[in-house]
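> take this sequence and fold it.
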Amino acid sequence: MHPTHHRSRGAIAALVLGLSALAAGGSAGAEELTGTLKKIKDSGAITIGYRDSSVPFSYLDGDQKPVGYAYEICRKIADDVKAHLKLDKLEVKLNPVTSATRIPLIANGTIDLECGSTTNNADRQKQAAFTNTHFLTATRYVAKKDKKLDKIDDLKGRTVVSTSGTTNIRQINEANTERKMGMTILPAKDHAEAFLMVETGRADAFVMDDVLLASLMAGSKTPDGYTISTEPLSKPEPYGIMLRKDDAPFKAVVDASTAKLYKSPEGKALYEKWFTQPIPPRGINLKLPMSEAMQKQFSTPSDSADPAAY
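Modelled structure (predicted):
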């Protein structure tokens, strides 16, 4: 019974393949397309998932239109996908996502690229794929400039705040215990409250992702009155644009597109535009020049989820 069962399955598969070749009109190009590339070619559209408030990566400007560093990278990828598929025109559809919906919407085919500040890590790799890293964040701290704090050891005996429930507060608690630093560590309910505690002098420093600290500092009453520590408290965490997993042909096109952009002067200019110059809608400047690790990542792009790779 079993051998015939397998034979019939094979015959059906052969028939399906034959029919799909016929449907493709015998053209080699059409036959080769699978997954996302086929979906884009057949529909004439690519769908980009954007965030509404991940400054400066992907957020809504004053006109409620998506803008940002990662969003612009996604537009470049869309241009390269259009060229790869030799399409006269490609419609770019926009779909809002949140931190909770971004992975399900990639997985179920609603969006094709997710443009934001999504950390590429081993856990997420089980559910999605990532292209080359576009940003590296690390845990640092912000303090008032006149306190002259810069290194981790400068926090000995100080009052430090971090947001409760984050990896950052865990890291500073671990450092406090391991290095016997005698810090007083206060939990804040959110980033805004934590920054306010530094502003009002209730805490000497606020420990968080450096890019979030930069945007809080830039949006404060006296941006020049603060400084971000140079010594990080964590290894770099890579942010990447997310796409569907197990779709090698699409990932190859996206990886080639991002690698080309990051290695080019245009990639560096794009970074500088969003991290070292005034950005919409309020004209704040994050003043976050490219770190050495980021410069290395742009000259030799990597899609690794391993912080040690950076």
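> show me where the protein has helices.
Counting by DSSP state H, the chain has helices at residues 2-23, 28-32, 35-43, 69-84, 102-107, 122-125, 167-178, 191-199, 210-218, 248-263, 265-275, 292-299.
> which of the ones you listed sits most buried?
Comparing the helices of the chain by mean neighbour count (mean count of other CB atoms under 10 Å), helix 210-218 comes out on top with a mean of 23. Using the backbone N, CA and C atoms, a C-beta is placed for each residue, glycine as well.
> let me see the domain layout of this protein.
37-137+238-309, 139-228 (the TED database).
> just the CA coordinates for stretch 181-194, please, in PDB.
Written as PDB, here are the backbone C-alpha positions of stretch 181-194 (Å, rounded to 0.1, in the frame of the first residue of the first chain):
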ATOM      1  CA  MET A 181      29.700  50.300  43.900                       C
ATOM      2  CA  GLY A 182      27.400  51.300  46.700                       C
ATOM      3  CA  MET A 183      24.900  53.000  44.400                       C
ATOM      4  CA  THR A 184      21.300  53.700  45.400                       C
ATOM      5  CA  ILE A 185      19.200  52.500  42.400                       C
ATOM      6  CA  LEU A 186      15.700  54.000  42.000                       C
ATOM      7  CA  PRO A 187      13.100  52.500  39.600                       C
ATOM      8  CA  ALA A 188      11.000  54.900  37.500                       C
ATOM      9  CA  LYS A 189       7.700  54.000  35.900                       C
ATOM     10  CA  ASP A 190       8.800  55.300  32.500                       C
ATOM     11  CA  HIS A 191      11.600  57.000  30.600                       C
ATOM     12  CA  ALA A 192      10.100  60.500  31.000                       C
ATOM     13  CA  GLU A 193       9.900  60.200  34.800                       C
ATOM     14  CA  ALA A 194      13.500  58.800  35.000                       C
END
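> may I see the buried residues of it?
181, 183, 185, 186, 188, 191, 194 (16 or more other CB atoms under 10 Å).
> now do the contacts for the first one.
In other words, residue 181. Listed by CB atoms under 8 Å, 6 or more residues apart in numbering, the contact set of residue 181 reads 153, 155, 156, 157, 175.
> any idea how far the closest residue to the third one other than its chain neighbours is from residue 173?
Spelled out, that is residue 156. The shortest distance from residue 156 to any non-neighbouring residue, by CB to CB, 6 or more residues apart in numbering, is to residue 181 (4.8 Å). According to CB to CB, to the nearest Å, residue 181 stands 10 Å off from residue 173.
> with residue 194 instead?
Separation of residue 194 from residue 173 (CB to CB): 15 Å.
> cool, and residue 157?
Distance from residue 157 to residue 173, by CB to CB: 16 Å.
> how about residue 134?
From residue 134 across to residue 173, the span is 30 Å (CB to CB).
> next: residue 263.
40 Å.
> doesn't residue 179 make contact with residue 157?
No - if you go by CB atoms under 8 Å, residue 157 and residue 179 don't touch, sitting 11.8 Å apart.
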